[in-house]
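Colleague: Sequence and predicted model, in that order:
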Amino acid sequence: MNPAINSAQFSPTLPRLFGTAFRLSAFTFGGGYVIVPLMERQFSEKYGWLSKEEIHNQIAIAQSAPGILAVNAALMAGFQLRGLAGALCCLAGTVLPPFATILGVYFAYAQFAANEWVRAALTGMGIGAATVLVDAVIGLVAGIIKQKNVFSVCVMALAFASIFFLHLPVWIPLLSAAVAGIIYCGTKQAHRIS
């Protein structure tokens, strides 16, 4: 936890977890990866509830699990901070804003589809979301490079190349990276023991 933060004043109460997840979800346009820098700023920098490394680990697990990245990440953060009740509060806070938006769009679809202002706003939000995605990618890549671990950098480069240049399905490099990580950690532990 950030030592500059008063832990009693900003402890992860259930209402605060719900409110934080709700705000994150309400301003997450452009897909699940947009939530990464927003989670870092709220859960790590603002409140000091989780370290950036914990958030990155949760994002990695959430990405490889079935379901929506933002929902999976919020569930994991809530569970780590306040158990099942925290996970449910974060789940509710994450799901309510998009549910309300989609419900509203459903009932007013004809007006939304034909309105030039709405289309222009969505175009602008798409550009903003792309910028936030680039920020998230740069932050994740910089975190891996800062570790100065040759294995991690090589796995990252190979995974990128296999998706970007070879156009492999995402599950192949994810599964390969998981197997490589298990082998790498197993080998390191075997060397420590011997």
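Modeller: Nice, thanks for sending it over.

Colleague: Every contact and neighbour count from this point should use C-alpha atoms.
Modeller: Noted.

Colleague: I figured Q42 hits T20, correct?
Modeller: Yes. Taking contact to mean C-alpha atoms under 8 Å, the distance of 7.4 Å between Q42 and T20 places them in contact.

Colleague: quick one: which of the two has more around it?
Modeller: Just comparing Q42 and T20: by other C-alpha atoms under 10 Å the higher neighbour count belongs to T20, 21 against 17.

Colleague: Now name the helix or strand holding the more buried one.
Modeller: Per DSSP states H and E: T20 is located in helix 14-26.

Colleague: For that helix, enumerate the helices and strands it packs against.
Modeller: Using 3 or more C-alpha pairs under 8 Å, 6 or more residues apart in numbering; DSSP states H and E as the contact criterion, the secondary-structure elements in contact with helix 14-26 are helix 35-39, helix 69-107.

Colleague: what's the closest of those helices to A190?
Modeller: With distances scored as C-alpha to C-alpha, the stretch of those nearest to A190 is helix 69-107 (29.6 Å).

Colleague: Can you pull the domain assignment for the chain?
Modeller: Each structural domain of the chain that the record assigns through automatic domain parsing is listed here as a residue range: 14-130, 149-194.

Colleague: Ranking the ones you listed by mean neighbour count, which comes first?
Modeller: Between those, domain 14-130 has the highest mean count of neighbours, a mean of 18, where neighbours are mean count of other C-alpha atoms under 10 Å.

Colleague: Next, the distance between the ends of it.
Modeller: The straight-line separation of the ends of domain 14-130 (C-alpha to C-alpha, to the nearest Å) is 31 Å.

Colleague: just stretch 21-34 next, same as before
Modeller: Between the opening and closing residues of stretch 21-34 lies a distance of 13 Å (C-alpha to C-alpha).

Colleague: Contacts for it, please.
Modeller: Stretch 21-34 is contacted from outside by 35, 38-39, 68-70, 74, 90-98, 125-126, 129-130, 132-133, 136, using C-alpha atoms under 8 Å, 6 or more residues apart in numbering.

Colleague: Grab the most central residue of this protein for me.
Modeller: If you average the C-alpha coordinates of the chain and look for the closest C-alpha using C-alpha atoms, centre = their mean, you land on V36, 3.8 Å from that point.

Colleague: where does it sit relative to F164, distance-wise?
Modeller: 21 Å.

Colleague: what does V105 give?
Modeller: Remark: distance between V105 and F164 (C-alpha to C-alpha) = 34 Å.

Colleague: And for T28?
Modeller: The separation that T28 has from F164, given C-alpha to C-alpha, amounts to 25 Å.
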